[in-house]
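> Attaching a predicted model along with its sequence, questions to come.
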Amino acid sequence: MKAKAGKVSRRGFLAKSAGAAAALAAPVIVPRAALGGAGNVAANDRLALGTIGCGGQGRGDLGALLGSGQVELVAACDVYENNRNEAASRGRTGVQTYNDFRALLDRADIDLVNVGTPDHWHALIVIAAAQAGKDIYCQKPLSLTIEEGRAMVNAVRRYNRILQVGSQQRSEFSFRRACELVQSGRIGKLVKVETYIGGNPSCGYDGWEPVPEGLDWDFYLGPAPWVPFNRHRFIWDFRWFWDYSGGNMTDWGAHHNDIAQWGMGTQFTGPVEIEGRGEFPRSGLMETPNRYKAIMKYKHGVYIECSSEGNDCKFVGADGWIVCNRGGRLQSDPPDIVKEPLGANDVHLYWDAKRQLYSDDHYRNFLDAVRTRIPPIADVEIGFRSITVCHLANIATRLGRKIQWDPDKEAIVGDEEAARWVSRPMRKPWRL
């Protein structure tokens with residue numbers, strides 16, 4: 001089907017979707033005991049899923065959601081025919097495929113959507129999904145810009161939707177326990193958090209190439225500026241172009257800086273001063289800095305030091321440090337800090353025994369939230385605040401100077417040039 005470009009809010013779309021949003025807002029609670037050991041539910045009780053963006057991480061998220069035994073895939077959308085057909089093959093017979101996400105969202109039988117597109121599409125799709133009354137699992141980073149992130153929060157709240165950001169480290173024991181120990185004072189007064197997120201690659205100038213068969217390249221670009229096709233701008237490598245993403249600062253930074261904010265207790269605010277420096281590619285197509293360091297200072301004096309070296313999250317306090325990483329790594333100095341169990345009076349994050357509120361599986365936590373209407377562990381506001389830190393670091397690094405941020409007004413202060421980077425124009429006819 002040929003894509004029809006246009007703004008998300010088509011005539012009649014809101015009127016129709018408002019009724020759907022109201023109908024879906026009422027909680028449908030399924031007790032854990034009824035889900036069985038694997039979380040499986042009867043076929044008639046499964047949630048109808050539409051997946052949008054079926055390559056890379058979108059494919060992985062789809063597999064995890066289907067593996068929960070609680071959802072049924074009914075629709076798959078991707079601008080690349082190979083991707084959407086492969087995704088559809090994972091469901092039962094009758095999975096409908098789409099080139100245009102709006103056609104998928106028009107379906108009243110879909111309960112929730114999985115958004116796994118490149119970053120520059122997240123805002124338009126999430127806002128349209130919220131308007132259509134769908135609950136949403138959106139891969140991180142939440143947004144391409146700060147302005148888009150706030151618009152996404154507003155839409156999710158206005159239409160009473162559940163949105164889980166794919167910041168799955170919040171559902172991993174080592175990261176949560178590190179944050180609990182820090183907030184419980186086990187390393188004394190917190191001084192700083194060091195986040196190590198890896199550098200960005202370079203490539204040569206390969207020239208423009210024919211558009212692959214089955215790919216709607218114009219719709220792939222969508223709100224981004226039009227350019228001829230090049231494979232580096234497609235699938236995995238889109239991360240290294242400003243038009244579509246923000247490099248590892250918004251990719252891995254959305255993970256480790258999110259954990260930094262969680263441990264600092266600043267997940268609903270942000271830094272007040274940001275500075276950054278980077279070494280940018282001197283040739284080739286890719287744009288994000290190969291190496292960089294950004295420092296984000298907070299009102300209470302603690303700061304995040306985010307570097308392109310390594311891959312860790314380290315909390316440094318007056319009486320010791322704690323390091324957490326993927327694969328369950330949890331280490332400290334002194335070593336006994338991470339060995340001692342939490343006491344009843346210590347901080348227990350995202351925990352409510354009465355409501356069985358807990359998350360050791362990010363996808364199940366999302367589905368629990370959909371059924372109970374209790375906010376998930378990586379709610380849209382949390383995802384917005386975490387990615388805002390990363391966007392500010394990129395802005396300061398690209399400008400090569402210090403900027404001031406007002407986290408309450410959500411505005412860059414005293415720098416008109418920097419303030420313009422909070423948003424970006426969209427290629428017509430797309431707009432927020």
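Now that the structure is in, tell me what you want to look at. Numbers count the residues shown, from 1 in each chain.

> Go through the lengthiest helix in the chain and flag the buried ones.
Using DSSP state H to define each element, the chain has its longest helix at helix 380-399. Neighbour-count burial for helix 380-399, counted by 16 or more other CB atoms under 10 Å, picks out 380-398. Every C-beta, even on glycine, is put in place using the N, C-alpha and C of the backbone.

> got the CA positions of that helix in CSV?
Only the C-alpha atoms of helix 380-399 are listed here, as CSV (Å, rounded to 0.1, in the frame of the first residue of the first chain):
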residue,chain,number,x,y,z
VAL,A,380,6.5,8.1,30.1
GLU,A,381,7.4,11.0,32.4
ILE,A,382,10.4,9.1,33.7
GLY,A,383,11.5,8.3,30.2
PHE,A,384,11.1,11.9,29.2
ARG,A,385,13.2,13.3,32.1
SER,A,386,15.9,10.7,31.5
ILE,A,387,16.2,11.4,27.7
THR,A,388,16.1,15.1,28.4
VAL,A,389,19.4,14.8,30.3
CYS,A,390,20.9,13.1,27.2
HIS,A,391,19.5,15.7,24.8
LEU,A,392,21.0,18.5,26.9
ALA,A,393,24.4,16.7,26.9
ASN,A,394,24.3,16.5,23.1
ILE,A,395,23.3,20.1,22.7
ALA,A,396,26.2,21.3,24.9
THR,A,397,28.6,19.0,23.2
ARG,A,398,27.6,20.1,19.7
LEU,A,399,27.8,23.8,20.7
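
> ranges for the helices of the stretch 51-200 of the chain?
Ranges of helices within the stretch 51-200 of the chain are 57-67, 81-88, 101-105, 122-131, 146-158, 173-183, based on DSSP state H, counting those that start in this stretch.

> For Gly199, find the nearest of the ones you listed.
The minimum distance between Gly199 and those falls on helix 57-67, with 20.0 Å, by CB to CB.

> Determine the set of other helices and strands touching that closest one.
strand 47-52, strand 71-77, helix 81-88, strand 112-115, helix 362-372 (3 or more CB pairs under 8 Å, 6 or more residues apart in numbering; DSSP states H and E).

> rerun that using 6 Å as the cut-off
With contacts defined as 3 or more CB pairs under 6 Å, 6 or more residues apart in numbering; DSSP states H and E, there are no secondary structure elements packing on helix 57-67.

> how about that helix: buried residues?
Gly58, Arg59, Asp61, Leu62, Ala64, Leu65, Leu66.

> Looks to me like His348 is in a helix.
No - counting by DSSP: H, G, I helix; E, B strand; the rest coil, His348 falls outside a helix, being coil.

> mind checking pLDDT for it?
Turning to His348, the model gives it a pLDDT of 93.

> what does stretch 74-90 contact?
Contact partners of stretch 74-90, identified using CB atoms under 6 Å, 6 or more residues apart in numbering, comprise 48, 50-52, 54-55, 95-99, 101, 104, 214-216, 219-220.

> For ChimeraX, write the select line for the buried members of those.
A single ChimeraX command selects the buried members of these (16+ other CB under 10 Å):
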select :48,50,51,52,54,55,95,97,98,99,101,104,215,216,219,220
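
> quick check: domain ranges of the chain?
13-169, 173-350+379-414 (automatic domain parsing).

> tell me how far the longest one is from the chain's mean position?
Here the centre of mass of C-alpha atoms in domain 173-350+379-414, compared against the chain's by CA atoms, centre = their mean, to the nearest Å, lies 11 Å away.

> which non-adjacent residue is nearest the most centrally placed residue in the chain?
Taking CA atoms, centre = their mean, the centroid of the chain lies closest to Lys140, which sits 2.0 Å from it. Of all residues not flanking Lys140 in the chain, Ala254 sits nearest, at 4.3 Å (CB to CB, 6 or more residues apart in numbering).

> wait, Asp51 sits on Gly116?
That one is not Asp; residue 51 is Thr. No - if you go by CB atoms under 6 Å, Thr51 and Gly116 don't touch, sitting 7.0 Å apart.

> list the residues that contact both of those two?
Joint contacts of Thr51 and Gly116 (CB under 6 Å, 6+ apart) do not exist.

> shaky segments in the stretch 51-200 of the chain?
Within the stretch 51-200 of the chain, no stretch has pLDDT under 70.

> ok, back up a step: quick one: residues contacting the residue nearest to the centre of the chain.
Counting by CB under 6 Å, 6+ apart, Lys140 has contacts Val165, Gly166, Ser167, Ala254.

> Using CSV, please lay out the residues you listed together with neighbour count.
Converted to CSV, these look like this (neighbours: other CB atoms under 10 Å):
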residue, neighbour count
Val165, 30
Gly166, 26
Ser167, 24
Ala254, 28
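
> who touches the closest residue in space to Leu330 that isn't next to it in sequence in this structure?
Leaving aside its sequence neighbours, Leu330 sits nearest to Ser174 (CB to CB, 6+ apart; 4.1 Å). Going by CB under 6 Å, 6+ apart, Ser174 touches Cys324, Gly328, Leu330.

> per-residue confidence for the second one?
Pointing back at Gly328 there. Reported pLDDT for Gly328: 88.

> Show me what the longest helix of the chain is packed against.
Short answer (3+ CB pairs under 6 Å, 6+ apart): helix 380-399 packs on helix 146-158, helix 248-251, helix 253-264, strand 273-279, strand 291-297.

> Let me know which of those is tucked in deepest.
Greatest average neighbour count among the helices and strands packed on helix 380-399 goes to helix 253-264 (a mean of 27), per mean count of other CB atoms under 10 Å.

> I'd like to check what contacts that helix. Which residues are they?
Residues from elsewhere that reach helix 253-264, judged by CB under 6 Å, 6+ apart: 140-141, 167, 169, 175, 179, 182, 193, 195, 197, 267, 302, 304, 313, 315, 386-387, 389-390.

> CA atoms only for it, dumped as CSV, please.
The C-alpha trace of helix 253-264 is given here as CSV (Å, rounded to 0.1, in the frame of the first residue of the first chain):
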residue,chain,number,x,y,z
GLY,A,253,22.9,7.1,27.6
ALA,A,254,19.1,6.6,27.9
HIS,A,255,19.9,3.5,29.9
HIS,A,256,22.8,4.5,32.2
ASN,A,257,21.8,8.2,32.7
ASP,A,258,18.3,6.9,33.5
ILE,A,259,19.8,4.7,36.3
ALA,A,260,21.9,7.7,37.5
GLN,A,261,18.8,9.8,37.8
TRP,A,262,17.0,7.0,39.7
GLY,A,263,19.8,6.5,42.2
MET,A,264,20.1,10.3,42.7
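
> Please report the distance of the closest residue to Gly50 other than its chain neighbours from Ala132.
The shortest distance from Gly50 to any non-neighbouring residue, by CB to CB, 6+ apart, is to Ala75 (4.0 Å). The gap separating Ala75 from Ala132 is 12 Å, by CB to CB, to the nearest Å.

> All set now, cheers.
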